[in-house]
Each structure stands twice: as C-alpha cells, then as structure tokens.
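[1] what shape does this take:
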Amino acid sequence: MFRVLFGIFAIAMCVVNATTVPGCASSCDCSRVSRIIFYGLDEGICRPFYNYCFMRRENDAKIKSGLVPVLPLHGYDECKPFIVKKCPNTKVIAEISYPAPCGCPYKSGPITNQTFDSLCHLQKYSFESGNPYLGCWMAEDFSKCY
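    Next comes the predicted model:
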C-alpha cells in the first residue's frame, strides 16, 4: 500500500514540477505581478530586467536569433562598470516599469511609455534609475530595439 501511495505522490510531484518551472520557462507568458529586478549584461551593456522570467525570455529570443545571450550578473554593483558613457541619437519608445506607490517590494507599480534619444540613453536611464524596461521600439518605424 505504501509503495502505491508513494508512486502516486511521485507522479503528482512530477506533473506539478513540469507545469510550474521555477523562474519561468521560455515559452511562458511572463507575469508582471512580481517585480524582482535582475541585472544582466546585454551585448556588453548592463541592464536591469523586470524579473527573472523577462531576462530568460529575452535570452531565449536572442539565442534563437543567433545573437549573443544575456549574461546574468549579481546585482547593481557588478553591473555598474558596464553602463554606457556616450550614446548615438536614434529615438526609441520604451515601456518603463516603476515601483509600486505603496513601497511594497516586489509588487508591480505603474508602467508607462517614454521616449528616449536612443537605445543607449534608455539603457543608461534604466540602470541609473533601477526601473527596467519591458520592451522598446524604434520611434521612426516601430521595429523592435535590440
């Protein structure tokens, strides 16, 4: 009887683990509920990500496109040497995530669209403010920024 119950429990745990992958699988829809900032090196430039799932999704898309993957870093201090110094001018529009007004850690706050002089300016702002961007588009033709 114990073996049967243990077998059922083991199968149930496998099903649960298969459906709730920690940190999010690449095929999932990333939740905007948990705002836990992760830092990553994206083509030599440091940038904060909204949470681990968004960083993972971005990384998987880059790998699929044959681009350099995002390198996870261990926080703000490790990321700081990789912020950009000078930026070219090609306007971009980005969805910026702000902390919750209540000051609650890890809770999502307002998300707004803002225009920046370039992707470089966006990345610099995102790092310095600690507010990650969820997506960005080139202002002239609305193509995705990379």
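[2] neighbours around the residue nearest to residue 143 when sequence neighbours are not counted, how many?
    Nearest residue to residue 143, sequence neighbours excluded (C-beta to C-beta, 6 or more residues apart in numbering): residue 137, at 6.6 Å. (C-beta placed from N, C-alpha, C; glycine too.) Neighbourhood size, residue 137 [other C-beta atoms under 10 Å]: 16.
[3] just the element for residue 137, please.
    strand 133-138 (DSSP states H and E).
[4] from the chain's centroid, how far away is that strand?
    11 Å (C-alpha atoms, centre = their mean, to the nearest Å).
[5] give me the residues contacting that strand.
    32, 47, 50, 54, 90-97, 111, 119, 122, 126, 143-145 (C-beta atoms under 8 Å, 6 or more residues apart in numbering).
[6] state the distance from the residue nearest to residue 143 to residue 42.
    16 Å (C-beta to C-beta, to the nearest Å).
[7] what sits against residue 97?
    Contacts for residue 97 (C-beta under 8 Å, 6+ apart) come out as 32, 35, 50, 108-109, 111, 131-134.
[8] from residue 122, how far off is residue 91?
    As judged by C-beta to C-beta, residue 91 and residue 122 stand 10 Å apart.
[9] which one's more surrounded, those two?
    Shown here are residue 91 and residue 122; by other C-beta under 10 Å, residue 122 has more neighbours (24 against 15).
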